[in-house]
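[1] Sequence and predicted model, in that order:
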Amino acid sequence: MKNRGPHRSIIGIDVGATKIAAGLVDLASGDVRSLMRIATRRQGAPCEIVNDIATIAAAVLKTTLDDVLDPLAVGIAVPELVDISGHIRSTWNFPLPDLVAMVTERTRLPVRVESDVRAAAFAEARFGARRACDNFAYFSLGSGTSYTLCLNGRPYTGAHGFAIHFASSDLAIPTADRRGLSIATPEDFASGLGMERLWMERGGPALGDGVQALETLAASGDPRARGVIEDAASIAGRLIAQSVNMLDPEKIVLGGGLGCSEGLYRHRLEEHIRANIWERSCADLPIVMAGLGEHSGIIGAALAARAAI
């Protein structure tokens, strides 16, 4: 007989733009077992992506048949807006039609969906870099940008579940001659995809390794690559500093590929954050990398599902 006492677990699934990762999460320790990964078929039909998610959930469940960890539910983190009831409310990356119904049918378990950035922040609060900190701001900087405020160790959802934006809306400032306004979306320049587009628009050749190639070029002295990185870090750093001015967190946790990088981008990002915090006594607040790596979305999805059942 399986032990449903101290060894409670939930299947966590992290749906990303490039891969879908899943595993069995021990709710007591945060350990991930039966880890599986498949590529996200972004160019395929939405129903194919949903089928892939259901298939990987069923595959992880199958590994538990002879295991003491008896799954209670399935949690799924997605790169979309998710409301407080667990309904997906956007299609920024790809539609996921009938996701909950499909995974429920394949696993016969309760299913809960959560925004990926909120899931990652939840995991960091419980098991990761900030498990000893009650109030922190988590910023996910990668292909896109998003954030979550954690209060008393839990992600703040907002009134409707949409409190994850900080760089996706148009901003307007006067032009240099003060005769009009210059309007732009920060994420279009500060995210990984935005940096790649900016590089191409400034005449750079195709990048074989995305933003990492920019870091390599900048380190070798390429002024154009350095300029793209400097500008992106300046935009993101100033916005994060403004969030600090508004929210006054104890700490900042940086996640995502850019947030956890260690090159020029990360160096300049931190400089711009600290330089633009209004209250100078707070300018030295801790800025740390997320501690769970690719497991954060899987663990956070499981935690969100446990909180909902």
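    On my side now, so go ahead.

[2] Which residues are in contact with residue 170?
    183-185 (C-beta atoms under 8 Å, 6 or more residues apart in numbering). To be clear about C-beta, it is placed using only N, CA and C from the backbone, and glycine gets the same treatment.

[3] Make CSV from these and add secondary structure to it.
    Compiled in CSV, those are given as follows (DSSP: H, G, I helix; E, B strand; the rest coil):
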residue, secondary structure
183, strand
184, strand
185, coil
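
[4] among those residues, who's most crowded?
    Ranked by the number of neighbours (other C-beta atoms under 10 Å), the contacts of residue 170 place residue 185 first, at 14 neighbours.

[5] got the residue ranges for the helices in the stretch 101-250 of the chain?
    116-127, 187-190, 192-201, 210-219, 223-247 (DSSP state H, counting those that start in this stretch).

[6] so which of those helices comes closest to residue 288?
    Checking these against residue 288 by C-beta to C-beta gives helix 116-127 as the closest, at 9.5 Å.

[7] which outside residues touch that closest one?
    With C-beta under 8 Å, 6+ apart as the test, helix 116-127 has contacts from 14-16, 29-30, 75, 77-79, 82, 114, 130-131, 133, 136, 138, 140, 146-148, 150, 153-155, 157, 164, 253, 255, 290-292, 295-301, 303-304.

[8] let's see 6 Å
    30, 77, 79, 130, 138, 140, 146, 148, 150, 153, 155, 164, 253, 255, 290, 292, 296-297, 299-301, 303-304 (C-beta atoms under 6 Å, 6 or more residues apart in numbering).

[9] Show me where the stretch 51-200 of the chain has its strands.
    With DSSP state E, counting those that start in this stretch, the ranges of strands along the stretch 51-200 of the chain come out as 70-78, 111-115, 136-141, 145-151, 154-155, 171-174, 181-184.

[10] Helix or strand for the nearest residue to residue 234 once chain neighbours are set aside, just tell me which one.
    Using C-beta to C-beta, 6 or more residues apart in numbering and skipping the chain neighbours, the partner closest in space to residue 234 is residue 272 (5.2 Å). Element membership of residue 272 [criterion: DSSP states H and E] is helix 264-275.

[11] for that helix, which positions count as buried?
    264-266, 268-270, 272-274 (16 or more other C-beta atoms under 10 Å).

[12] Return the closest of those residues with respect to residue 211.
    Nearest member of the buried residues of helix 264-275 to residue 211, counting by C-beta to C-beta, is residue 265, at 7.5 Å.

[13] List the buried residues for stretch 178-189?
    Result for stretch 178-189 [16+ other C-beta under 10 Å]: buried residues 186-189.

[14] try stretch 76-85
    For stretch 76-85, by 16+ other C-beta under 10 Å, it's 76-83.

[15] From one end of it to the other, what's the distance?
    Length of stretch 76-85, first residue to last, C-alpha to C-alpha, to the nearest Å: 13 Å.

[16] Centre of the chain to it, how far?
    11 Å (C-alpha atoms, centre = their mean, to the nearest Å).

[17] Which elements pack onto the helix holding residue 272?
    Packing partners of helix 264-275 (3 or more C-beta pairs under 6 Å, 6 or more residues apart in numbering; DSSP states H and E): helix 223-247.

[18] Identify each buried residue in the helix it packs on, please.
    In helix 223-247, the ones that count as buried by 16+ other C-beta under 10 Å are 225-226, 228-241, 243-244.

[19] partners of residue 23 in the sheet?
    Under DSSP bridges, the beta-bridge partners of residue 23 are residue 12.

[20] Offset the numbering so it begins at 841, please.
    OK, 841 is where the count begins now, so the last one is residue 863.

[21] Against residue 1128, how distant is it?
    Distance from residue 863 to residue 1128, counting by C-beta to C-beta, to the nearest Å: 24 Å.

[22] the more surrounded of those two?
    Ranked by neighbour count (other C-beta under 10 Å), residue 863 and residue 1128 place residue 863 first, with 25 against 15.
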